[in-house]
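Engineer: requesting a structural model of the entry that follows:
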Amino acid sequence: MTNLTFSLDSTRFDEDYRPLANSRITTNFANLARGEKRQENLRNTFAMIDGRFNDLARDGSEDGARYSLELDIISVSVDIDGEGLRDAVPIIEVLQTTIVDSRSGERTPGIVGNNFSSYVRDYDFSIVLPAGRPADFGDLHGNLFKAFLASDAYAQHFDKPPVICLSVSTSKTYRRTENEHPVLGVEYRQSEYSQTDAYFAKMGLGVRFFMPPNSVAPLAFYHLGDLLADYSDLELAALISTMETFQKIYRPEIYNANETAGESYQPSLTNPDFTPLPIAYDREERSRLAREQGAFAEEHFITPHKTALEQWSTAFAAQDLALQGERS
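Structural biologist: Residues are numbered from 1 along each chain as shown. The predicted model follows:
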């Protein structure tokens, strides 16, 4: 049987971060860290993150500068049957937050996940999907993600399951509910599952939508277990402040709009009523990098190991189904 081994690398994401020169770059962050304004971009981004975190974490007695966040890019690589692929095939990249308390000096690990970048997902959406949606669309990626969460590599580094925070879908309508959380904010429900929701469901992740206090649009939180009970308010505040900041940069038409989402809300990237940020981000490059990284995954991972990956994925899915049956 095919054996997969996962390994992790960690890179500090701060104002001195520089993306790698080859195609192993973190898609969502790369063009923030290039060009004449790279350091200004990054410095402004981290200032926004820290300010938002202190706003969410403040208990009324703080001066608004007690906490800061440190971010590390976690790159996940996979090796197949000991063939030495670790340096060639970056499967997943996520963020790890660390909460730094300037008053006590305490450093507290936050949630892992936050952002989510995947070469295999880029392959699925930029190469497979345009040619037609196969019945097993997303199965391999979902099984790889589940296997990573069940791996020794994950257990050695992280105590809790990940939470991924993304933008809401522009093709769906969201309706406000009566449910409200002190940090996550007001919960919204969507009209129907999006393609992204279905894809993340194959990774074992459910989704809930919340608009945090003083936000203008809900965020999508993809998670395992109980989102409200499994994480502390500070952990959730770190997640929100990090990913809301990035969404304001990536999609200001939604997350830096001048009008707050109402009882019924459909986000739009053509909304003209928003405030641009003084942070340069190139969405066209983001799309191009997704295609390039999808092609990279196809050439170096999918095509040369097609048979082994199909056999492994089928065997893993059967094993995972049997474990679910035992739990139920």
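Engineer: for the helix or strand hosting Thr97, packing partners?
Structural biologist: The secondary structure element spanning Thr97 is strand 90-101 (assigned by DSSP states H and E). Counting contacts by 3 or more Cβ pairs under 8 Å, 6 or more residues apart in numbering; DSSP states H and E, the secondary-structure elements packed against strand 90-101 are strand 4-13, strand 67-80, strand 107-118, helix 119-123, helix 139-149, helix 233-250. Just so you know, the C-beta spots here come from the backbone N, C-alpha and C atoms, and that holds for glycine as well.
Engineer: switch the cut-off to 7 Å
Structural biologist: Secondary structure elements in contact with strand 90-101, counted by 3 or more Cβ pairs under 7 Å, 6 or more residues apart in numbering; DSSP states H and E, are strand 67-80, strand 107-118, helix 119-123, helix 139-149, helix 233-250.
Engineer: who does it pair up with?
Structural biologist: For strand 90-101, the pairing partners within the sheet under DSSP bridges are strand 67-80 (antiparallel), strand 107-118 (antiparallel).
Engineer: please identify the most buried of the ones you listed.
Structural biologist: Ranked by mean neighbour count, the strands paired with strand 90-101 are led by strand 107-118 with a mean of 21 (mean count of other Cβ atoms under 10 Å).
Engineer: what does that one contact?
Structural biologist: When contacts are defined by Cβ atoms under 7 Å, 6 or more residues apart in numbering, strand 107-118 is touched by residues 26-28, 74, 91-100, 141, 158, 160, 162-165, 231, 234-235, 238-239, 242-243, 246.
Engineer: filter the residues you listed down to the buried ones, ChimeraX style.
Structural biologist: Those of the contacts of strand 107-118 that count as buried under 16 or more other Cβ atoms under 10 Å are selected in ChimeraX with:
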select :26,27,28,74,91,92,93,94,95,96,97,99,141,158,162,163,164,165,231,234,235,238,239,242,243,246
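Engineer: for the closest residue to Gly206 other than its chain neighbours, give me phi and psi.
Structural biologist: Once its chain neighbours are removed from consideration, Gly206 has its nearest residue in His223; the separation is 6.3 Å (Cβ to Cβ, 6 or more residues apart in numbering). Backbone geometry at His223, expressed as degrees, to the nearest 10, gives phi -150, psi 160.
Engineer: how much space separates His223 from Val128?
Structural biologist: Distance check for His223 against Val128: by Cβ to Cβ, to the nearest Å, it reads 26 Å.
Engineer: now Thr196
Structural biologist: Applying Cβ to Cβ, the value for Thr196 to Val128 is 15 Å.
Engineer: next one: His305
Structural biologist: In this structure, His305 and Val128 are 16 Å apart, going by Cβ to Cβ.
Engineer: correct me, but Pro267 touches Ala217?
Structural biologist: Yes. With contacts counted by Cβ atoms under 7 Å, Pro267 reaches Ala217, the gap being 6.0 Å.
Engineer: more neighbours: the two, which one.
Structural biologist: Neighbour tally, Pro267 and Ala217, criterion other Cβ atoms under 10 Å: the higher count belongs to Ala217, 26 against 21.
Engineer: what sits against that one?
Structural biologist: For Ala217, the residues meeting the contact criterion (Cβ under 7 Å, 6+ apart) are Val168, Met211, Ile254, Tyr255, Ala257, Ala261, Pro267.
Engineer: if we use 6 Å, what do you get?
Structural biologist: Contacts for Ala217 (Cβ atoms under 6 Å, 6 or more residues apart in numbering) come out as Ile254, Tyr255, Ala261.
Engineer: would you double-check that it falls in a helix?
Structural biologist: No. The assignment for Ala217 by DSSP: H, G, I helix; E, B strand; the rest coil gives coil, which leaves it out of any helix.
Engineer: circling back: and of the helices and strands packed on strand 90-101, who's closest to Ser287?
Structural biologist: Taking Cβ to Cβ as the criterion, Ser287 comes closest to helix 119-123 out of the helices and strands packed on strand 90-101, the separation being 10.2 Å.
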